[in-house]
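Student: Need the 3D shape of this:
(chains A and B)
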Amino acid sequence: MLEASSVAAEESRNLSELSNVDKWPKVVMRLAPFPSGPLHIGNARMVVLNDYYVKRYNGELLLVFDDTIGSAEKVVEPDAFEMIPEGLEYLGVEWHRTVYKSDRLELFYKYAVDLIERNEAYVCDCDAEVWRKEHKAKEKACKCSILSVEDNLARWEKMLDGTYPERGAAVRLRTGMADPDPAMRDHVILRISESEHPRVGTRYRVWPLLEYSWGIDDHELVVTHIIRGKDLVKEGKIEQHIWNIYDWQHPELIYYGRLKFQDAKLSKSKSRREVLEGVYTGWDDPRTWSMQSLEKRGIHPDAVRKAMLDLGLSVVDISISMKTVYSENRKLQDASAPRMFFVEAPVWVELTGLPPEIQEAEAPVHPDFPDRGVRQIPLGRSSDAAVPFVAGISERDLKRLTKGEIFRLKDLANFTLKKGRRPEATFHSVEVDNVRTVGGSIIHWIPRETAVPVEVTMIDGAVVTGHGEPSIKNIESGTFLQFERVGFACVFDVGDPVRVAFAHK
RNA sequence: GCCCCGGUAGUGUAGUCCGGCCCAGCAUCUAGGCCUUUCGAGUCUAAGACCCGGGUUCGAAUCCCGGCCGGGGCACCA
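Tutor: Sure, this is the predicted structure:
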């Protein structure tokens, strides 16, 4: 029930029906992340699309960690087994079962033997580079491919028992040396790796490649629809080759194009390095663009979902801006975000002549919803009218003001800027209209005596220090708020200083 | 070099399969007006696109051919 309504609420205009749904008892899809780190914004499309369709068809979603041994460049990061589900939960993805590729090696071995016995695969001990140049490029089968089934089985045993060293032999699928597409010629499907695996250690030394493991598992797990990036079309073709050998029903293959973000540089390996070296504050550092980091910034998961779903399922490569996500987020959260004053690196201005009876300012919690009440901003000033009240404003605002100009400290009073090397201003009046009629600036500010130190982590990781109005101390951690005229941010630490993560303008 | 895929405003996307309802819709971005004690929200307006060339047709973004441009693959990575 809940699921149906959540899908109904999502924009689906750009997403057509899945094909051949009626040919299967129920729709089953899978999420297949390689556990090298947490999910980042670049993975969100794959995740959201699969989740969306599973919900739309009331199907089943599998989380399958694609944790085969990888390579020197692609290393399994053990923490990812925790961080990926965290990211999924943030996104509101509901999966029904978790599977680890590394638990299924025996299955892949069983089929490997069967494929060899059917003479659909053979063990090749050629040097990889030689094979590429002399055999693949020239469409010439190598000597291994004419070996008998018995010889191949013997070689297979030698792969398993350690007779062959790493790279000493590999199992190739007979996809055909004459295939016009060089990518398809007798592809390797299993190879030797003695790297230690974080889950199964060194129990296995022969590991499947992605296209092979999925050729088997998409069938074994009864996956019906596969939505994935178009960088995997060759893998899809090899899977189909395997399905044809066994005459298995083909799952539907759906590809989407590459997604780039103009304003976010995504690199899991760089993030991993920087997190390890302490350059980044952790996997929730904004520069990782992880789900954790978006959550910390108060980006609503539905903003991410909406932005991803709006892209549809086009196979074209696209480049979008995070601004579309931010725009969605504003729509979702502006109405609920309390307003607050924050001044970065305040310039302190002496204000004279403010009537002594004015001891505090009142500002609405949210201008569109007066019923939510007001924030009290105690000025903490002396009751002696001769002592100036000191307020902090941003340097940017000060620079924009011209001498003699009337301006307003929002929700407090109007002042006139005086000349002088130190910024000073004199009280003009209280009524807003006095500044509005002359088109004067209305700026945000904080009182020096009662302001609270605040640290803002910007999107590029820079930490900006400043002060917030006193009431920020009473805000709960996790609150998504708006610093008036500055932007939206999310509080993640209510200590001293109060720490917030900047979300967007 | 060889295979495959794709090209609608700045960015995305709808329409393309089954040609006319599209002198092309929507979102975002940009500019401006209104509103507002925020540079937010809301609201109104403006600007902005069918890669090029042929062909078929009464009629083409939609079909055909050629070209150009872009992307992906050709790993004992995922």
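Student: Is it correct that residue A:144 is in contact with residue A:127?
Tutor: No: the criterion here is C-beta atoms under 8 Å, and residue A:144 misses it with residue A:127 at 11.5 Å. All C-beta spots, glycine's among them, are computed from the backbone N, C-alpha and C.
Student: and those two? which has more neighbours close in?
Tutor: Counted by other C-beta atoms under 10 Å, residue A:144 and residue A:127 do not tie: residue A:144 has more neighbours, with 20 against 12.
Student: for the nearest residue to residue A:238 once chain neighbours are set aside, helix, strand, or coil?
Tutor: Spatial nearest neighbour of residue A:238, chain neighbours left out: residue A:211 (4.2 Å); criterion: C-beta to C-beta, 6 or more residues apart in numbering. Under DSSP: H, G, I helix; E, B strand; the rest coil, residue A:211 falls in the helix class.
Student: where does chain A have low pLDDT?
Tutor: A:1-13, A:419 (pLDDT under 70).
Student: residue farthest from the centroid of it?
Tutor: residue A:386 (55.0 Å; C-alpha atoms, centre = their mean).
Student: Next, residue A:497: phi, psi?
Tutor: phi -80, psi 160 (degrees, to the nearest 10).
Student: Let me know the helix or strand that the closest residue to it other than its chain neighbours is in.
Tutor: Once flanking residues are discounted, residue A:497 sits nearest to residue A:453: 3.8 Å by C-beta to C-beta, 6+ apart. Here residue A:453 sits within strand A:452-457, counting by DSSP states H and E.
Student: Work out the gap between that strand and the centre of the chain.
Tutor: Remark: strand A:452-457 is offset 25 Å from the chain centroid, using C-alpha atoms, centre = their mean, to the nearest Å.
Student: and what of stretch A:94-107?
Tutor: The answer for stretch A:94-107 is 23 Å, by C-alpha atoms, centre = their mean.
Student: which of the residues in that stretch are buried?
Tutor: A:95, A:99, A:101-102, A:104-105 (16 or more other C-beta atoms under 10 Å).
Student: Next: stretch A:336-350.
Tutor: For stretch A:336-350, by 16+ other C-beta under 10 Å, it's A:337-344, A:346-347, A:349-350.
Student: Stretch A:264-284 too?
Tutor: Using 16+ other C-beta under 10 Å as the test for burial, stretch A:264-284 gives A:264, A:266, A:268, A:271-272, A:274-275, A:280-281, A:283-284.
Student: How is chain A partitioned into domains?
Tutor: A:2-102+A:212-326, A:105-209, A:337-505 (automatic domain parsing).
Student: next one: the longest one to chain centre, how far?
Tutor: Computed by C-alpha atoms, centre = their mean, the chain-centroid distance of domain A:2-102+A:212-326 equals 11 Å.
Student: quick one: is it near RNA strand B?
Tutor: Yes: using C-beta under 7 Å from any atom of the strand, domain A:2-102+A:212-326 reaches RNA strand B at A:13-14, A:16, A:32, A:34, A:66, A:68-71, A:73-74, A:230-235, A:257-258, A:262, A:310-321, A:323-324, A:326.
Student: Now intersect these with the helices, please.
Tutor: Using DSSP state H, A:233-235, A:323-324, A:326 are the members of these that sit in helices.
Student: Between the two ends of stretch A:487-505, what distance do you get?
Tutor: 4 Å (C-alpha to C-alpha, to the nearest Å).
Student: And the helices in the stretch 51-200 of chain A?
Tutor: A:80-91, A:105-117, A:128-130, A:149-161 (DSSP state H, counting those that start in this stretch).
Student: Comparing these, which comes out most buried?
Tutor: helix A:80-91 (a mean of 19; mean count of other C-beta atoms under 10 Å).
Student: residues from the stretch 401-505 of chain A in reach of RNA strand B?
Tutor: So far as C-beta under 7 Å from any atom of the strand goes, the stretch 401-505 of chain A lies against RNA strand B at A:408, A:410-411, A:432, A:436, A:442-444, A:482, A:484-485, A:505.
Student: export those to CSV and tack on distance to residue A:131?
Tutor: Output for those, formatted as CSV (distance: C-beta to C-beta, whole Å):
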residue, distance to residue A:131
A:408, 77
A:410, 72
A:411, 75
A:432, 79
A:436, 78
A:442, 73
A:443, 70
A:444, 68
A:482, 61
A:484, 66
A:485, 64
A:505, 55
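Student: Going through those, which ones are buried?
Tutor: A:408, A:410-411, A:443-444, A:482, A:484-485.
Student: Secondary structure of residue A:282: a strand, I assume?
Tutor: No: going by three-state DSSP, the assignment for residue A:282 is coil, not a strand.
Student: contacting residues for the residue lying closest to it once chain neighbours are set aside?
Tutor: Nearest residue to residue A:282 in three dimensions, chain neighbours excluded: residue A:275, at 6.1 Å (C-beta to C-beta, 6+ apart). By C-beta atoms under 8 Å, 6 or more residues apart in numbering, the contact set of residue A:275 is A:282-283, A:285, A:288.
Student: Residue A:457: which of the residues you listed is nearest?
Tutor: residue A:285 (8.3 Å; C-beta to C-beta).
Student: separation between that closest one and residue A:113?
Tutor: Distance, residue A:285 to residue A:113, by C-beta to C-beta, to the nearest Å: 47 Å.
Student: got a list of contacts for stretch A:111-118?
Tutor: By C-beta under 8 Å, 6+ apart, stretch A:111-118 touches A:121-123, A:149, A:152-153, A:156, A:171, A:173, A:189-190, A:208, A:216, A:245.
Student: Name the member of those that has the highest neighbour count.
Tutor: residue A:121 (29 neighbours).
Student: so who does it touch?
Tutor: Counting by C-beta under 8 Å, 6+ apart, residue A:121 has contacts A:112, A:115, A:152, A:171-174, A:189.
Student: cutoff 7 Å now
Tutor: A:112, A:115, A:171-174, A:189 (C-beta atoms under 7 Å, 6 or more residues apart in numbering).
Student: does the residue in the stretch 351-500 of chain A positioned nearest to RNA strand B sit in a helix, a strand or a coil?
Tutor: For the stretch 351-500 of chain A, the residue closest to RNA strand B is residue A:485, as judged by C-beta to the nearest atom of the strand, at 3.1 Å. Here residue A:485 is recorded as coil under three-state DSSP.
Student: Just put the helices of the stretch 51-200 of chain A in TSV and tack on distance to residue A:61.
Tutor: Compiled in TSV, the helices of the stretch 51-200 of chain A are given as follows (distance: least, C-beta to C-beta, whole Å):
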stretch	distance to residue A:61
helix A:80-91	9
helix A:105-117	21
helix A:128-130	37
helix A:149-161	34
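Student: so which of the ones you listed comes closest to residue A:360?
Tutor: That would be helix A:80-91 among the helices of the stretch 51-200 of chain A, by C-beta to C-beta, at 39.2 Å.
Student: sorry, back to before: buried subset of the residues of domain A:2-102+A:212-326 next to RNA strand B?
Tutor: A:32, A:34, A:66, A:68-70, A:232, A:235, A:257, A:311, A:313, A:320, A:324, A:326.
Student: among these, which two are most distant?
Tutor: Within these, A:69 and A:326 form the most distant pair, 39.0 Å apart (C-beta to C-beta).
Student: Flag every residue of the stretch 101-250 of chain A that's near RNA strand B.
Tutor: Counting by C-beta under 7 Å from any atom of the strand, the stretch 101-250 of chain A sits next to RNA strand B at A:124-128, A:131-132, A:136, A:166-170, A:180-183, A:185, A:188, A:191-193, A:207, A:209-211, A:230-235.
Student: Show me which of the residues you listed are buried.
Tutor: Neighbour-count burial within these applies to A:124-126, A:131, A:136, A:169-170, A:185, A:188, A:191-193, A:207, A:209-211, A:232, A:235; the criterion is 16+ other C-beta under 10 Å.
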